[in-house]
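1. show me how the following folds:
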Amino acid sequence: MKPTEIRAELLGQHAQIRTLMQDIRDCAVRAQRGEPVGEELQTSVARLADAIAMHNAREEELLRPILPTVDAWGQVRADTMTQTHQDEHEEFQEAVRGIPRTSRELAGAGVEALFDRMLEHMAREERVMLAEDVLCEDTVIVEMGG
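-> Residues are numbered from 1 along each chain as shown. The predicted model follows:
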């Protein structure tokens with residue numbers, strides 16, 4: 001798979017995750033107005049949890065072998081992904097699965113703070129690992145080892 005195809009796929013998944021988070025935010029607003037959103041909320045939370053799990057696995061599969069080779073900073077990017085990325089992904093996955101399943105609980109659940117952190121995480125990935133100058137067709141391959 002070409003670097004630009006990897007980039008497009010992972011950025012597309014980020015867009016899907018953002019849309020799913022917005023669906024849950026919309027449910028929260030309607031719940032605060034007293035509208036029934038129980039089944040829709042449960043479905044949205046399950047979709048988000050599944051999308052995050054699928055994205056995390058795909059991201060690791062696609063980026064782990066290519067990041068160390070993209071440029072002089074590639075190994076640093078790969079090490080960062082390995083050290084902190086997995087912990088953040090697991091934390092987000094657990095937190096999303098813990099989103100309250102009833103509209104009354106959702107209103108005070110801190111979902112906004114969780115989603116803000118997730119958006120920051122995705123933005124950081126997009127700047128550091130998925131940037132056009134990192135995953136492009138004219139990627140410089142750096143020899144590893146010695």
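
2. going forward, measure contacts between C-alpha atoms and count neighbours the same way
-> OK.

3. now do the contacts for residue 90.
-> Applying C-alpha atoms under 8 Å, 6 or more residues apart in numbering to residue 90 gives no contacts.

4. what's the pLDDT at it?
-> Note on residue 90: pLDDT of 75.

5. buried ones in whichever helix or strand it is part of?
-> Using DSSP states H and E, residue 90 sits within helix 86-97. Within helix 86-97, the residues scored as buried using 16 or more other C-alpha atoms under 10 Å are 89, 92, 93, 96.

6. distance between stretch 36-50 and the chain's centre?
-> Here stretch 36-50 is found 18 Å from its chain centre; the criterion is C-alpha atoms, centre = their mean, to the nearest Å.

7. show me where the protein has helices.
-> For the chain, the helices defined by DSSP state H cover 3-32, 38-66, 74-80, 86-97, 103-106, 111-128.

8. can you list these in CSV and add distance to residue 137?
-> Converted to CSV, those look like this (distance: least, C-alpha to C-alpha, whole Å):
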stretch, distance to residue 137
helix 3-32, 6
helix 38-66, 12
helix 74-80, 15
helix 86-97, 27
helix 103-106, 44
helix 111-128, 17
